[in-house]
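Engineer: following is a predicted model, sequence given first.
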Amino acid sequence: MEVGQLKEKVQAVVNKIRPNLAMDGGDIELVDVDVEGGVVKVRLKGACAGCPASQMTLKMYVEATIKREVPEVKSVVAV
């Protein structure tokens, strides 16, 4: 899959996730997608940036949702 196609698919999922994070005062931004390694880089913002549970949110919610909808993704990391 091309970089642009994969990035569009991941961005669509990030847009679905955004309202749920916004309910708690947070936000998420797609930073980069590494097609070769299947790694998605995101930036947690707002309340999520300093939240002690942000790593759990990242792995259990954000990563799980993106991997379920875009199987080419192997992991999601915060930058």
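Structural biologist: Here it is on my side, so go on.

Engineer: how deep is the nearest residue to Asp24 once chain neighbours are set aside tucked in, by neighbour count?
Structural biologist: In space, Asp24 comes closest to Ala47 once its chain neighbours are excluded; the distance is 5.7 Å by Cβ to Cβ, 6 or more residues apart in numbering. Where C-beta positions appear, they are placed from N, C-alpha and C, glycine not excepted. When neighbours are defined as other Cβ atoms under 10 Å, Ala47 has 14 of them.

Engineer: ok, now which ones touch Ala47?
Structural biologist: Residues near Ala47 by Cβ atoms under 8 Å, 6 or more residues apart in numbering: 24-26.

Engineer: flag every buried residue along whichever helix or strand Glu29 is part of.
Structural biologist: Element membership for Glu29 (DSSP states H and E) is strand 26-34. Using 16 or more other Cβ atoms under 10 Å as the test for burial, strand 26-34 gives 26-28, 30, 33.

Engineer: which of the contacts of Ala47 sits closest to Val76?
Structural biologist: Gly26 (15.1 Å; Cβ to Cβ).

Engineer: against Lys9, how distant is the closest one?
Structural biologist: Per Cβ to Cβ, to the nearest Å, Gly26 is found 22 Å from Lys9.

Engineer: check Glu63 too.
Structural biologist: Plainly put, Glu63 is 15 Å away from Lys9 if you go by Cβ to Cβ.

Engineer: I'd like the next helix or strand past the helix or strand of the chain with the lowest mean pLDDT.
Structural biologist: The helix or strand of the chain with the poorest confidence is helix 47-50; it has a mean of 89 (mean pLDDT, DSSP states H and E). Later in the chain than helix 47-50, the nearest helix or strand by DSSP H and E is helix 54-56.

Engineer: check which residues of the helix or strand following that next one are buried.
Structural biologist: Toward the C-terminus, helix 54-56 is succeeded by helix 64-69 as the next helix or strand (DSSP H and E). Neighbour-count burial for helix 64-69, counted by 16+ other Cβ under 10 Å, picks out 65-67.

Engineer: ok, now stretch 70-79?
Structural biologist: Quick answer for stretch 70-79 (16+ other Cβ under 10 Å): 70, 73, 76, 78.

Engineer: could you check the angle strand 26-34 makes with the lengthiest helix in the chain?
Structural biologist: Assignment by DSSP state H gives helix 3-22 as the longest helix of the chain. Here the directions of helix 3-22 and strand 26-34 differ by 160 degrees (axes from the mean of the first three to the mean of the last three Cα atoms, to 10 degrees).
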